[in-house]
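In: take a look and give me a structure for this.
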Amino acid sequence: MIGSFTRSARSGGPTPMRRYLRHRVLSEAPTPTDHSMMQRALELARDAAAKGEVPVGAVVYETHSGSILAEAANARECESDPAAHAELIAIRSACAARNDWRLNDCTLVVTLEPCAMCAGLIVGARVGRVVYGADDPKAGAVRSLYQLLEDPRFNHRVSPIRGVMAQESAQLLHDFFRARR
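Out: Coordinates of the predicted model:
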């Protein structure tokens with residue numbers, strides 16, 4: 001058993017855990033642009049709450065220039081679409097704006113930790129950076145339940161920056177659901 005942590009029994013090469021540690025990218029600190037984009041995402045989330053949507057907002061911007069490519073809020077209720085998450089809408093709009101499905105040089109900022117569906121889209125679109133506010137202990141697939149963005153089995157990995165304006169994001173969600181009860 002101890003040997004399995006250092007070498008694969010069959011090939012003599014590194015185990016999946018070693019490959020994971022070798023490819024893992026350390027989280028970086030949030031930038032001032034990340035904070036201003038999170039403020040915009042929170043505005044979008046507040047607008048969504050006013051429409052009866054779960055208050056989640058997302059912004060996709062070019063990392064080097066800070067130019068916003070797309071922004072969105074949850075629209076599941078308004079569009080009767082279970083996939084109308086803020087991240088999905090923003091990523092699809094950003095890809096359309098660039099006429100390219102790759103967003104390697106872009107940052108996604110979202111108020112709530114992405115779910116498994118959105119995490120899969122982040123990997124598929126090759127988003128370069130992900131910044132999020134509040135953790136989602138019930139459906140979070142970035143840190144809380146799964147770590148899909150850093151899974152070494154995928155062909156693209158992103159080390160997320162978590163907790164940016166987390167208190168504001170969590171409070172917005174808390175207030176929304178308290179008012180619904």
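In: residues touching residue 117, list them.
Out: Contacts here follow CB atoms under 8 Å, 6 or more residues apart in numbering; on that basis residue 117 touches 83, 85, 88. In short, each C-beta sits where N, CA and C put it, glycine included.
In: was I right to think the last one contacts residue 118?
Out: Okay, so that is residue 88. Yes. Residue 88 lies in contact with residue 118 (CB atoms under 8 Å); the separation is 5.9 Å.
In: pull the contacting residues for the spatially most central residue of the chain.
Out: Centroid-nearest residue in the chain: residue 114, 4.6 Å away (criterion: CA atoms, centre = their mean). By CB under 8 Å, 6+ apart, the contact list for residue 114 reads 85, 87, 122, 130, 132, 140, 141, 142.
In: let's see it at 7 Å
Out: Going by CB atoms under 7 Å, 6 or more residues apart in numbering, residue 114 touches 87, 122, 132, 141, 142.
In: just curious, which of these is nearest to residue 50?
Out: residue 87 (19.8 Å; CB to CB).
In: shouldn't that closest one be within a helix?
Out: Yes. According to DSSP: H, G, I helix; E, B strand; the rest coil, the state of residue 87 is that of a helix.
In: kind regards, and thank you for your time.
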